[in-house]
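**Student:** no letters, just coordinates:
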């Protein structure tokens, strides 16, 4: 069984928003990946960006800089 660790999770209203986040993070060299949204969190499109908790500030700055359409930021253990 995989070890459960804290992650910074970003949710989206649309799949297009999730894909835009993935593209922006790759271009900026930020860590993380798209995963299905955990049951504890509702996401409009069912996808979320999961990254290490220490990347949260950089992710928030990227969202503002690139005008990304996100639903919310969460800190959860998955």
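**Tutor:** Yep, that arrived. What you are looking at is a predicted structure, and each value in this text was computed from that prediction instead of being measured.

**Student:** could you give the bridge partners of residue 74?
**Tutor:** Beta bridges link residue 74 to residue 9 when assigned by DSSP bridges.

**Student:** that one reaches residue 9, doesn't it?
**Tutor:** Yes. Using Cβ atoms under 8 Å, residue 74 is in contact with residue 9, at 4.6 Å. Using the backbone N, CA and C atoms, a C-beta is placed for each residue, glycine as well.

**Student:** more crowded one of these two?
**Tutor:** Regarding residue 74 and residue 9, a neighbour count based on other Cβ atoms under 10 Å identifies residue 9 as having more, with 24 against 18.

**Student:** now the terminal residues of stretch 25-32, how far apart.
**Tutor:** 8 Å (Cα to Cα, to the nearest Å).

**Student:** ok, and what's touching that stretch?
**Tutor:** By Cβ atoms under 8 Å, 6 or more residues apart in numbering, the surrounding residues in contact with stretch 25-32 are 8, 49, 50, 51, 52, 55, 58, 59, 62.

**Student:** buried residues, that stretch. List them.
**Tutor:** Neighbour-count burial for stretch 25-32, with 16 or more other Cβ atoms under 10 Å as criterion, is recorded at 25, 30, 32.

**Student:** now, those residues that are in helices?
**Tutor:** When DSSP state H defines the helices, the subset of the buried residues of stretch 25-32 inside them is residue 25.

**Student:** want to throw the buried residues of stretch 25-32 into CSV with distance to residue 15?
**Tutor:** Conversion of those to CSV gives the following (distance: Cβ to Cβ, whole Å):
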residue, distance to residue 15
25, 16
30, 20
32, 17
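
**Student:** adding distance to residue 14 and pLDDT, write the buried residues of stretch 25-32 out as a markdown table.
**Tutor:** Listed next are the buried residues of stretch 25-32 as a markdown table, based on distance: Cβ to Cβ, whole Å; pLDDT from 0 to 100:
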| residue | distance to residue 14 | pLDDT |
| --- | --- | --- |
| 25 | 17 | 98 |
| 30 | 20 | 98 |
| 32 | 18 | 98 |
